[in-house]
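[1] Sharing a model prediction with you, sequence too.
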Amino acid sequence: MNTSVLMSYRAQQRCSKLIAHYSTLIAQSLIVAVCLLTGCREGGTAGDTRLLAVDSIVDSDSVAAWRQLQAVDSATLATDADRMLYALLHQQLRYKQYLPLDTAVLMRLNEYYTAHRNNAQHTRTLLLLGGAHEDAGHITAAITWYKRA
C-alpha cells in the first residue's frame, strides 16, 4: 500500500513538471503568434499591403499608383515606417505628375531614412530632394543632393 502511495506521489510530481513545461511552451508560442499577427515589423521589410501595392507599380503605372494611394487614409497607418512610406510615395507621385514637392516633408523623410538605414527609400528621398531643388532653380543644391543619392 505504501508503495502505491509513493508511486502515485511521484506520478503527480512528474505530471506537475510536465504541465509547467508545456504551459511555458504554450505561453512562448502565444507571444510569437501575437507578434506575428499584430505586425511586429518596425524596421523590417513588411508593411501595409496597400502601400506595398502602390510601391510595386509606382514606376510602371504612376496614374494607377496615384489612384491607389489616394484611397489610403493615412490616419489608418499603424507604424512610423508605413507613414513614412506613404509620405515618400506621395512625394514621388507628385514629382511624376509635375506637381511641386514639399521640401519640409522630404527633409523629414531624409532624417527618418538616415536614422533607420533604409537605403532604397533613402536614395529615393535624396533623388526627390535633388529634383525639388532643381525645379526651384537651386542647381548647386540639386547637384549636392543628387551626389548624396
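    Looks like it arrived, so ask away.
[2] which helices and strands sit right next to the helix or strand encompassing Leu85?
    In this assignment (DSSP states H and E), Leu85 forms part of helix 80-96. When contacts are defined as 3 or more Cβ pairs under 8 Å, 6 or more residues apart in numbering; DSSP states H and E, helix 80-96 packs onto helix 49-57, helix 62-70, helix 103-116, helix 119-135. All C-beta atoms are positioned from the backbone trio N, CA, C, and that covers glycine.
[3] So for it, what gets flagged as buried?
    If you call a residue buried by 16 or more other Cβ atoms under 10 Å, then helix 80-96 has these buried ones: 81-95.
[4] Likewise for stretch 134-149?
    Ala141, Ala142, Trp145.
[5] want to throw those residues into TSV with secondary structure?
    Shown next, in TSV, are these (DSSP: H, G, I helix; E, B strand; the rest coil):
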residue	secondary structure
Ala141	helix
Ala142	helix
Trp145	helix
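[6] buried residues in stretch 97-117?
    Those would be Leu101, Asp102, Thr103, Val105, Leu106, Leu109, Asn110, Tyr112, Tyr113, for stretch 97-117 by 16+ other Cβ under 10 Å.
[7] meant to ask about stretch 125-132, not that
    Buried-residue list, stretch 125-132, by 16+ other Cβ under 10 Å: Thr125, Leu126, Leu127, Leu128, Leu129, Gly130, Gly131, Ala132.
[8] pLDDT at the fourth one, what is it?
    You'll see Leu128 listed with a pLDDT of 97.
[9] For the chain, which helix or strand comes out least confident on mean pLDDT?
    None of the helices or strands of the chain scores lower by mean pLDDT, DSSP states H and E than helix 2-38, at a mean of 58.
[10] And the closest residue to His122 other than its chain neighbours, how far from Tyr98?
    Closest residue in space to His122, ignoring its immediate chain neighbours: Tyr113 at 3.6 Å, by Cβ to Cβ, 6 or more residues apart in numbering. Tyr113 sits 24 Å away from Tyr98 when distances are taken as Cβ to Cβ, to the nearest Å.
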